[in-house]
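[1] 3D, please:
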Amino acid sequence: MVVVRETAKLARLIRRPGSWVGLMVLLLVAVGCRTAVQTVRTQPAPSRSSLEQEGVVLAAVTALGGGEYVAADALGEVVLKQFREARPWLKLLPLEQARLAMTQSRHEDLMKKVAKTGRWTDEHFASLAALTNIARYALVVDVARSQESQTVYRNYQEEYLYHGAVATPMTYEVVSGGRRTVTLVFYLRDLQTGKTVWVTSGTAMRRAFVRQSGYEHLYRPAPPAGIPSVVEVSETIARQVARRLPK
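    Numbers count the residues shown, from 1 in each chain. Coordinates of the predicted model:
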């Protein structure tokens with residue numbers, strides 16, 4: 001049921017005005033790295049030879065349909081690392097190259113426009129044409145969703161030795177959990193044709209736990225578990241999405 005609900009959410013996300021469906025990947029990653037993948041393809045898709053010879057530049061990392069993500073550089077490095085490991089032949093330029101090619105001010109202006117509309121539009125993507133001199137394709141990564149939560153579980157059991165009615169010590173365990181769920185949308189723009197030729201969406205969830213056992217902790221507050229960062233969770237998404245590129 002979780003897979004069905006998440007699939008519907010991502011489908012609605014991709015169908016928004018200004019979005020295109022080229023390839024959609026749904027990733028649900030829990031403890032133990034359990035993954036479910038759903039793929040939808042349309043043609044034409046970029047070929048390996050085109051990507052390899054003419055290259056891709058990471059043009060922008062935005063957040064929640066707004067402007068530039070606060071950790072754009074860190075998230076961009078994670079994306080580049082996973083894409084390069086999955087496809088070593090891929091000619092991939094970093095975000096800083098896009099800023100330099102567009103000039104810092106023009107790139108900042110574009111991020112402000114995206115923040116104002118709350119989503120990427122045809123007009124915004126058209127502004128990436130300035131990157132044609134350094135690569136044929138522009139990659140845009142949008143943090144479309146980030147949710148966090150914390151929970152506390154207490155488990156205890158008291159057993160009795162009926163002979164003599166002597167109680168054994170109580171066994172007690174408290175578990176604190178922190179969870180973050182992230183959805184990323186990847187847009188690949190063909191700067192020569194002015195069309196978005198590949199769109200991939202991925203959702204991943206990661207948990208962190210803190211456990212403490214012993215009767216002495218019964219009346220103590222549960223220690224808060226650290227919540228994984230967006231960048232940490234995004235590593236799994238980027239790795240799976242990169243494997244959907246041509247081999």
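[2] which helix or which strand is home to Ile134?
    Using DSSP states H and E, Ile134 falls within no helix or strand.
[3] in this structure it contacts Gly55, no?
    Yes - the pair Ile134 / Gly55 is scored as a contact, 7.5 Å apart, by C-beta atoms under 8 Å. To be clear about C-beta, it is placed using only N, CA and C from the backbone, and glycine gets the same treatment.
[4] and for these two, which residues touch both?
    Common contacts of Ile134 and Gly55 (C-beta atoms under 8 Å, 6 or more residues apart in numbering): Leu93.
[5] tell me which element Arg189 is part of?
    Secondary structure from DSSP H and E places Arg189 in strand 171-190.
[6] and that strand, which residues are buried?
    For strand 171-190, a neighbour-count test (16 or more other C-beta atoms under 10 Å) marks 172, 174-190 as buried.
[7] now for it, which elements pack on it?
    Judged by 3 or more C-beta pairs under 8 Å, 6 or more residues apart in numbering; DSSP states H and E, the packing partners of strand 171-190 are helix 2-14, strand 137-157, strand 195-213, helix 230-242.
[8] can you pull the contacts of the nearest residue to Val79 once chain neighbours are set aside?
    Leaving aside its sequence neighbours, Val79 sits nearest to Ala238 (C-beta to C-beta, 6 or more residues apart in numbering; 4.7 Å). Going by C-beta under 8 Å, 6+ apart, Ala238 touches Val78, Val79, Lys81, Gln82, Phe83, Leu184, Gly202.
[9] let's see it at 6 Å
    Residues counted as contacts of Ala238 (C-beta atoms under 6 Å, 6 or more residues apart in numbering) are Val78, Val79, Gln82.
[10] can you report how many residues neighbour the nearest residue to the first one once chain neighbours are set aside?
    For Val78, ignoring the flanking residues on the chain, the nearest one in space by C-beta to C-beta, 6+ apart is Glu235 at 5.2 Å. Under the neighbour criterion other C-beta atoms under 10 Å, Glu235 is assigned a count of 18.
[11] Glu235 and Asn155, how far apart?
    31 Å (C-beta to C-beta, to the nearest Å).
[12] alpha carbons of the helix or strand containing Ser105, in CSV - could you do that?
    Element membership of Ser105 [criterion: DSSP H and E] is helix 104-117. Presented in CSV, the C-alpha positions along helix 104-117 are these (Å, rounded to 0.1, in the frame of the first residue of the first chain):
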residue,chain,number,x,y,z
GLN,A,104,26.9,34.2,-11.0
SER,A,105,24.3,37.0,-11.3
ARG,A,106,22.4,35.4,-14.1
HIS,A,107,22.3,32.1,-12.2
GLU,A,108,21.1,33.8,-9.1
ASP,A,109,18.4,35.6,-11.0
LEU,A,110,17.2,32.3,-12.4
MET,A,111,17.0,30.7,-8.9
LYS,A,112,14.9,33.7,-7.7
LYS,A,113,12.5,33.3,-10.6
VAL,A,114,12.1,29.6,-9.8
ALA,A,115,11.5,30.4,-6.2
LYS,A,116,8.9,33.0,-7.1
THR,A,117,6.8,30.5,-9.2
